[in-house]
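Asks: coordinates only, sequence not included:
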């Protein structure tokens, strides 16, 4: 009796997806594979994983927009995510990481026997392994009102911790991230500057600092490019102002 | 070309290194003897006389270097090299002074010669060890591997094979064409490409390459060829056009989910051949490494063939990235063209 498997195929090359579909057909004796969705890039992959319950996703690595490694990180954070088998033509760096973490992968061109083996022992990708494979994201992803929002990190002006959440401010709106500011600082250290215990500001959007004197006690405010809000710099983080002046 | 590597000071605790240094000095002695003597036999005799004179200071210097090795290794390599040279010069001077019993009038002049000879021998040998270390260094092996991979383009190769495998079931005729294109492209990529090649041939190769890419990228890759008036017999260095297109695909099309349009203009004007390749460029796409490497490689080869007469320029015009190559127009003369095409028949 063949095992039933629901699969999602992700590759930016249509022919590569067709090839995988052909091979899955050829495995009919062992597996009855139903292809529940296909996607052509990382962002679409996240959406199809959220919209279609599946057992496994065959995920290409090199794709435009968002690559497979980062997509996997977002997918592993979903509730009830599919297991992930990476597929790549040639990527020494990624292969080393897969071996290190015992993450399953297939090399293109994919061989039928290897695909059969991989499907026979599918196992979930842990969020920790996924985070190690893509240590620095290009997008934040969050679920809000049943929809997945993807926020490019480059569009975020600042990140501010409020109670349990972190708010990511873009020019259009605010997003709530379910992550800690400390972890975010670790991940995006070079791109964001800590100006306050509760605030990281994007270096790319930072215009400068302004000194505000009130009742003899002066403190600094961070100015953002084309943005009216002023963000207070805490006394402990005063050194970033000096470093900014030196660097400018 | 490569990053400046650390100067390598030889390991004076290694017997092989010491032996090499000793032999190198003997070889230098032999060379000097050969230039001095009229016949090889006389040279040999002279060499043995030199050897008898050379050996004691040489062994003395080697012994000092052996003992001083830990101290030498701790200093900056440049200074350690200078110290080696100084030790060698002093060793030679010491021996000369011992032999001559310093009562000669022009003592300083007679000691200058051994000092210079000792220093020169040390410098030559250090330079030799340094060259040897560089030649065997892993950084160089790494650079060679990268050059080889740049030629083979594993990512492109495996993805293309994958596409062909996929087509075999659905469209065998298309699979055949794709394999032919792949073979043609790799025959040229693997060949010795130091010759000039006719433009017509280079354009064929470029089309074979683009055909393979459009197999992978489908609708995402659009190409506008404007080469109706291109002189097919004009000569240009082999593999200039195809890498320019590869660059355009790699940076302008692949990173974009919606793809884009590449423009190719080839024309002759004012005794110059112009090749212009444009591709869309977007600020938000992170620029990949390799772009500059491909362009600088082409620039080097253009300079090799045409010196200052060739030009490769890169502009950004609006949201397009434009690479323009201008080389002097050289037309392959028809007789040599005929010979070349008949060459296989003879």
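Replies: On my side now, so go ahead. In this text the structure is predicted, and so the values were computed from the model without any measurement.
Asks: Any idea how far the strand or helix carrying residue B:209 is from the middle of the chain?
Replies: Residue B:209 belongs to helix B:199-217 when elements are defined using DSSP states H and E. Helix B:199-217 sits 27 Å away from the centroid of its parent chain (C-alpha atoms, centre = their mean, to the nearest Å).
Asks: and after that helix, which helix or strand comes next?
Replies: Following helix B:199-217 in sequence order, the next helix or strand is strand B:221-226 (DSSP H and E).
Asks: chain center to the next helix-or-strand element following that following strand, what's the gap?
Replies: Remark: after strand B:221-226, the chain's next helix or strand is strand B:235-237, criterion DSSP H and E. Distance of strand B:235-237 from its chain centroid, counting by C-alpha atoms, centre = their mean, is 21 Å.
Asks: For residue A:244, grab the count of nearby residues.
Replies: As a burial measure, residue A:244 scores 18 neighbours (other C-beta atoms under 10 Å in any protein chain shown). C-beta: built from backbone N, CA, C; applies to glycine.
Asks: Next: residue B:90.
Replies: With other C-beta under 10 Å as criterion, residue B:90 counts 18.
Asks: Might you report the residue contacts of it?
Replies: By C-beta atoms under 8 Å, 6 or more residues apart in numbering or on different chains, residue B:90 lies in contact with B:115, B:118.
Asks: how does it look with 10 Å?
Replies: B:57, B:60, B:61, B:64, B:114, B:115, B:118, B:119 (C-beta atoms under 10 Å, 6 or more residues apart in numbering or on different chains).
Asks: how many neighbours does the fifth one have?
Replies: Looking back up the chat, that one is residue B:114. Residue B:114: 22 surrounding residues under other C-beta under 10 Å.
Asks: How about the third one?
Replies: Counted with other C-beta under 10 Å, the burial measure for residue B:61 works out to 25 neighbours.
Asks: Please tell me the pLDDT value assigned to the residue nearest to it when sequence neighbours are not counted.
Replies: Nearest non-adjacent residue to residue B:61, counting by C-beta to C-beta, 6 or more residues apart in numbering or on different chains: residue B:91, 3.9 Å away. If you check residue B:91, the pLDDT there is 86.
Asks: End to end on stretch A:128-142, go ahead and measure it.
Replies: 18 Å (C-alpha to C-alpha, to the nearest Å).
Asks: try stretch A:85-95
Replies: Note: stretch A:85-95 ends 12 Å apart using C-alpha to C-alpha.
Asks: buried sites along it?
Replies: The neighbour-count check on stretch A:85-95 (16 or more other C-beta atoms under 10 Å in any protein chain shown) flags A:85, A:86, A:87, A:88, A:89, A:90, A:91, A:94, A:95 as buried.
Asks: How about stretch A:206-219?
Replies: For stretch A:206-219, by 16+ other C-beta under 10 Å, it's A:206, A:209.
Asks: Please enumerate residues in contact with it?
Replies: With C-beta under 10 Å, 6+ apart as the test, stretch A:206-219 has contacts from A:157-158, A:192-193, A:195, A:220-227, A:230-235, A:238, A:240-242, A:244-245, A:248.
Asks: Can you point out the buried residues in the longest helix seen in chain A?
Replies: Determined from DSSP state H, the single longest helix within chain A is helix A:14-26. For helix A:14-26, the neighbour count (16+ other C-beta under 10 Å) marks A:14, A:15, A:16, A:17, A:18, A:19, A:20, A:21, A:23, A:24 as buried.
Asks: Also stretch B:131-139?
Replies: residue B:133.
Asks: quick one: residue A:87 from residue B:264, how far?
Replies: Noted for residue A:87: a distance of 32 Å to residue B:264, by C-beta to C-beta, to the nearest Å.
Asks: Over to residue B:43?
Replies: 65 Å.
Asks: Next one: stretch B:240-254, is it in contact with chain A?
Replies: Yes: using C-beta under 10 Å from any C-beta of the partner chain, stretch B:240-254 reaches chain A at B:253, B:254.
Asks: Using the record, which stretches count as separate domains in the chain?
Replies: You didn't say which chain, so I picked chain A. Domain ranges of chain A: A:3-133, A:157-247, per automatic domain parsing.
Asks: Chain B is the one I meant
Replies: B:15-136, B:147-342.
Asks: hey, least reliable of those domains by pLDDT?
Replies: Minimum mean pLDDT among the domains of chain B: domain B:15-136, a mean of 82.
Asks: and that one, how far out from the chain's middle?
Replies: That offset, for domain B:15-136, works out to 33 Å (C-alpha atoms, centre = their mean).
Asks: Would you mind measuring the gap between the ends of it?
Replies: 19 Å.
Asks: Then stretch B:220-240?
Replies: Chord length of stretch B:220-240, first to last residue, is 24 Å (C-alpha to C-alpha).
Asks: Same question for it: list its buried residues.
Replies: Under 16+ other C-beta under 10 Å, the buried positions of stretch B:220-240 are B:220-221, B:223, B:227, B:230-231, B:234-240.
Asks: out of these, what pair is the most spread apart?
Replies: Largest separation among these by C-beta to C-beta: B:220 and B:235, giving 33.5 Å.
Asks: just checking, next helix/strand downstream of the helix or strand where residue B:116 lies?
Replies: Here residue B:116 sits within helix B:107-135, counting by DSSP H and E. Sequence order places helix B:138-152 as the next helix or strand after helix B:107-135, per DSSP H and E.
Asks: what helices or strands is that next one leaning on?
Replies: helix B:172-190, helix B:291-306 (3 or more C-beta pairs under 10 Å, 6 or more residues apart in numbering or on different chains; DSSP states H and E).
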